[in-house]
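> Have a look at this fold, sequence not included:
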């Protein structure tokens with residue numbers, strides 16, 4: 001895997017097989033980053049990466065100038081690997097949290113983010129409630145953006161849903177606050 005653009009462009013990383021993740025494809029990732037850069041910007045943003053897996057999207061956000069990044073994942077191997085890669089990049093304004101994402105969201109009372117990316121397992125039982133949970137717990141700063149990667153057959157019903165883009169069997173849904 002590699003970082004496709006920005007300051008760390010070309011940096012290669014090879015996640016261990018013990019990380020149970022379905023990384024975003026380079027084609028979809030490149031399209032997502034282009035959408036973010038063209039319409040919302042990344043530079044100077046406080047970002048949250050939920051269900052981080054390999055950290056693939058978090059590294060791209062760091063490479064594009066994010067101010068800070070918090071990555072949350074339940075898997076110890078993922079958490080450890082993400083810390084290693086951020087250190088190898090020299091990106092210092094990050095935090096990696098080992099936690100159940102849904103519990104972490106409910107317990108968060110003070111943090112606000114300009115950009116939240118979530119890529120839960122496609123068959124996760126709580127997938128359809130994720131946008132409402134994020135909005136009801138006020139995780140997004142005013143003007144903030146939530147992007148959820150999910151199976152293209154799933155359609156969210158949420159007042160904040162603004163757009164979606166399909167890439168094969170994957171879909172990015174964009175929610176604005």
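Done, it's in. Computed from a prediction, not measured in an experiment: that's the story for all the values here. Numbering: from 1, shown residues only.
> tell me the contacts of the residue most central in space within the chain?
Against the mean C-alpha coordinate of the chain, by Cα atoms, centre = their mean, the closest residue is residue 117 at 2.8 Å. Contact analysis of residue 117 by Cβ atoms under 8 Å, 6 or more residues apart in numbering lists 47-50, 57-58, 61, 147-149. For the C-beta atoms, the positions are set from N, CA and C on the backbone; glycine is no exception.
> Check which helix or strand it maps to.
Using DSSP states H and E, the element containing residue 117 is strand 113-118.
> Could you identify the helix or strand that succeeds that strand?
helix 130-136.
> what helices or strands is that following helix leaning on?
In terms of contacts (3 or more Cβ pairs under 8 Å, 6 or more residues apart in numbering; DSSP states H and E), helix 130-136 is packed against helix 101-107, strand 113-118, strand 140-151, strand 170-176.
> give me that answer again for 10 Å
Applying 3 or more Cβ pairs under 10 Å, 6 or more residues apart in numbering; DSSP states H and E, one finds that helix 130-136 makes contact with strand 46-50, helix 101-107, strand 113-118, strand 140-151, strand 170-176.
> mind putting those in JSON lines, distance to residue 34 and mean pLDDT included?
Below are the helices and strands packed on helix 130-136 laid out as JSON lines (distance: least, Cβ to Cβ, whole Å; pLDDT from 0 to 100):
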{"stretch": "strand 46-50", "distance to residue 34": "17", "mean pLDDT": "98"}
{"stretch": "helix 101-107", "distance to residue 34": "26", "mean pLDDT": "96"}
{"stretch": "strand 113-118", "distance to residue 34": "15", "mean pLDDT": "98"}
{"stretch": "strand 140-151", "distance to residue 34": "13", "mean pLDDT": "96"}
{"stretch": "strand 170-176", "distance to residue 34": "11", "mean pLDDT": "95"}
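> Out of the ones you listed, flag the one nearest residue 71.
The closest of the helices and strands packed on helix 130-136 to residue 71 is strand 46-50. By Cβ to Cβ, the value is 4.5 Å.
> and the next element down the chain from the closest one?
Once the chain leaves strand 46-50, the next helix or strand it forms, by DSSP H and E, is helix 56-63.
> Worst mean pLDDT across the helices and strands of the chain, which element?
helix 26-39 (a mean of 92; mean pLDDT, DSSP states H and E).
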